[in-house]
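>>> heads up, no residue letters with this:
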Ligand SMILES: NC(=O)c1ccc[n+]([C@@H]2O[C@H](COP(=O)([O-])OP(=O)(O)OC[C@H]3O[C@@H](n4cnc5c(N)ncnc54)[C@H](O)[C@@H]3O)[C@@H](O)[C@H]2O)c1
């Protein structure tokens, strides 16, 4: 775990064992440089892009998110943004990215440390490294004066999350956490309906994240987010977006949380009799198992080249896919993996304005989408992200009694229901593109010396939703109701930098 004590050079003002703090303003033993004037952009590095007036970007992590989502946006909108530097230890990934974006060899690096050893190379930086490698590069990027788009989760622990929060406050930092859902037309419509008072005063939110059985198996049983010690707890990895949305819709900080959940299904004791370690090795239940990797990655998605197939191999031929399943993590029987994250979890939240909310995050759904019911004093809203359908049901004055099978079942409203259909975009329902556009706009205004409007996702609110996740996980594992407000207090660390209970 990253702490002030093991971060190279120490982090200014951060927590140390015994409560002593490093002096503010000390970073790598040098004065903190928080402004672009102090560390000017290395314009020689990207003259053409600078002259074209577009925002220049450095990319840390050329994987699925970095290359296929964020850098792709720049390729599709060359007048808005250009990627002018890249860092990734995987030579194939960084070279492919460099070639696609025309990045000269001098700006292609094998790690974020190498890229950040140079003066600032671009206006903004996108940090899309694995979960446990976000805070360290973000701290360094703050020091260098980049505008930062940081992949979620901020960090896998509360202590590291607060470390970044402190550093950002001192650096006049411009960090946007990639909470893509806020930038979807779907959730902004929901927020607008609440703010307009269409259902009176919001009281209750019922939010379900239906992960989808196949998606859960891909990411949380076989894939990168299967272990809390390598990535983060499932509620943080999968649901920090949902927690951010809950906090946003509720319109107030969260006070308390209680949570329950388990890893119940994807365990060795549920392995069918005779099932081999890999789906490629002739499984007796291959015809009926919903998690058959060959049926999924090779046959079912045969015509598909993007996520999730692009994650298992770069060779998308049938033979290439089969080879990946024979040797790589994605061919493993889902009952014979080294996963430990919960496969179903519920959490209950109380917000400072009295709003209460439930969140269900589950592997056991057919659909891969979010569904919500928002209940207010004057009506309710039922919403389905995938279909983009939002139904507003005002209570109105009671209408006629509605009979059902001879019995009075419900009281109708005199006010008509309204169905709103929000266009469902690609990439997190349009959120990926919306986030990038907003981030680029923000960086462009700053680059021109202006003062842009705050991003829709402030770092402070992102920290809040992360604290909700840590509190929910603490509640789930300890069986207690957890006070979220206390989570923001400085964590007490032991001599090794571990957090004391
Ligand atoms: N915002 C969202 O909705 C969303 C969706 C999916 C994933 N994510 C998050 O995005 C992050 C990246 O996920 P991904 O699916 O792209 O993973 P990935 O494994 O495809 O990509 C990560 C990349 O980082 C590179 N990397 C590793 N060490 C590095 C270093 N020292 N310097 C530079 N690069 C390094 C890896 O080689 C890899 O190419 C994760 O934290 C994940 O949780 C966010």
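Thanks, I have it. Keep in mind that what you see is a predicted model, and the values were worked out from it rather than measured.
>>> rest of the way, CA atoms for contacts and neighbours
OK.
>>> for this protein, which spans come out with low pLDDT?
1-52, 172-173, 397-413, 488-501 (pLDDT under 70).
>>> That one - how does it break down into domains?
17-179+432-457, 182-214+226-266+341-427, 271-331 (automatic domain parsing).
>>> mind listing what residue 234 touches?
220, 225, 228, 341-343 (CA atoms under 8 Å, 6 or more residues apart in numbering).
>>> Kindly reformat the residues you listed as a markdown table containing distance to residue 325.
Formatted as a markdown table, those follow (distance: CA to CA, whole Å):
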| residue | distance to residue 325 |
| --- | --- |
| 220 | 17 |
| 225 | 18 |
| 228 | 23 |
| 341 | 22 |
| 342 | 24 |
| 343 | 23 |
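>>> Let me know the closest of those residues to residue 101.
residue 225 (29.2 Å; CA to CA).
>>> what about that closest one, neighbour count?
Residue 225: 24 surrounding residues under other CA atoms under 10 Å.
>>> hang on, it is in a helix, isn't it?
No - using DSSP: H, G, I helix; E, B strand; the rest coil, the assignment for residue 225 is coil, not a helix.
>>> shouldn't it be in contact with residue 236?
No - using CA atoms under 8 Å, residue 225 makes no contact with residue 236, being 10.3 Å away.
>>> What strand or helix carries the closest residue to the ligand within the stretch 351-500 of the chain?
Distance from the ligand to each residue of the stretch 351-500 of the chain (CA to the nearest ligand atom) is smallest for residue 428, at 6.9 Å. Residue 428 is part of no helix or strand, with elements assigned from DSSP states H and E.
>>> give the contact list for it.
180-181, 184.
>>> again, only this time at 7 Å
Going by CA atoms under 7 Å, 6 or more residues apart in numbering, residue 428 touches 180-181.
>>> try the one 5 residues further on
By CA under 7 Å, 6+ apart, no residues touch residue 433.
>>> do residue 366 as well
Neighbours of residue 366 in contact, by CA under 7 Å, 6+ apart: 212-213.
>>> Can you pull the phi and psi angles for it?
With angles defined as degrees, to the nearest 10, residue 366 sits at phi -80, psi -50.
>>> Same question for the one 4 residues further on.
Backbone torsions for residue 370, taken as degrees, to the nearest 10, come to phi -110, psi 140.
>>> now do residue 393
phi -120, psi 90.
>>> which residues does it bridge with?
In this entry, residue 393 is beta-bridged to residue 380, by DSSP bridges.
>>> quick one: it from residue 140, how far?
Using CA to CA, to the nearest Å, residue 393 is found at 49 Å from residue 140.
>>> for residue 112, same thing?
For residue 112, the distance to residue 140 - CA to CA - is 9 Å.
>>> Settle it for me: which of the two has more neighbours?
Neighbours were tallied for residue 112 and for residue 140 using other CA under 10 Å; the higher tally belongs to residue 112 (24 against 18).
>>> that older thread, just name the closest of the contacts of residue 234 to the ligand, please.
Closest to the ligand, out of all of those and judged by CA to the nearest ligand atom, is residue 225, at 7.6 Å.
>>> Hmm, the closest one is touching residue 231, no?
Yes - contact criterion CA atoms under 7 Å: residue 225 and residue 231 qualify, at 5.4 Å.
>>> Any idea how far apart the tips of stretch 248-265 sit?
In stretch 248-265, first residue to last residue: 32 Å (CA to CA).
>>> What residues of that stretch count as buried?
Going by neighbour count (16 or more other CA atoms under 10 Å), the buried part of stretch 248-265 is 248-251, 253-261, 265.
>>> Could you do stretch 185-200 as well?
For stretch 185-200, using 16+ other CA under 10 Å, the buried residues are 185-187, 190-191, 194, 198-200.
>>> and for it, what are the contacting residues?
181-182, 202, 249, 376-380, 385, 388, 394, 422.
>>> can you give me the strands in the stretch 251-400 of the chain?
All strands of the stretch 251-400 of the chain, identified by DSSP state E, counting those that start in this stretch, fall at 254-262, 344-351, 356-362, 369-376, 379-384, 389-394, 398-404.
>>> Can you add distance to the ligand and give those back as JSON lines?
Shown next, in JSON lines, are those (distance: least, CA to the nearest ligand atom, whole Å):
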{"stretch": "strand 254-262", "distance to the ligand": "21"}
{"stretch": "strand 344-351", "distance to the ligand": "18"}
{"stretch": "strand 356-362", "distance to the ligand": "15"}
{"stretch": "strand 369-376", "distance to the ligand": "13"}
{"stretch": "strand 379-384", "distance to the ligand": "18"}
{"stretch": "strand 389-394", "distance to the ligand": "21"}
{"stretch": "strand 398-404", "distance to the ligand": "42"}
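>>> With residue 213 as the reference, name the closest of those strands.
Here strand 356-362 is closest among these (CA to CA), at 8.5 Å.
>>> could you give the angle of that closest one to strand 344-351?
Counting by axes from the mean of the first three to the mean of the last three CA atoms, to 10 degrees, strand 356-362 lies at 160 degrees to strand 344-351.
>>> got the angle for strand 356-362 vs strand 254-262?
30 degrees.
>>> tell me which residues in strand 356-362 are buried?
For strand 356-362, by 16+ other CA under 10 Å, it's 356-362.
>>> Dump those residues into TSV; add distance to residue 171 as well.
Listed next are these as TSV, based on distance: CA to CA, whole Å:
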residue	distance to residue 171
356	35
357	35
358	36
359	34
360	37
361	36
362	39
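>>> Closest to residue 270 out of those?
Using CA to CA, these come closest to residue 270 at residue 362, 17.8 Å.
>>> got the contact list for the residue nearest to that closest one when sequence neighbours are not counted?
The spatially closest residue to residue 362, leaving aside those adjacent along the chain, is residue 344, at 4.3 Å (CA to CA, 6 or more residues apart in numbering). Applying CA under 7 Å, 6+ apart, we find residue 344 in contact with 261-263, 361-363.
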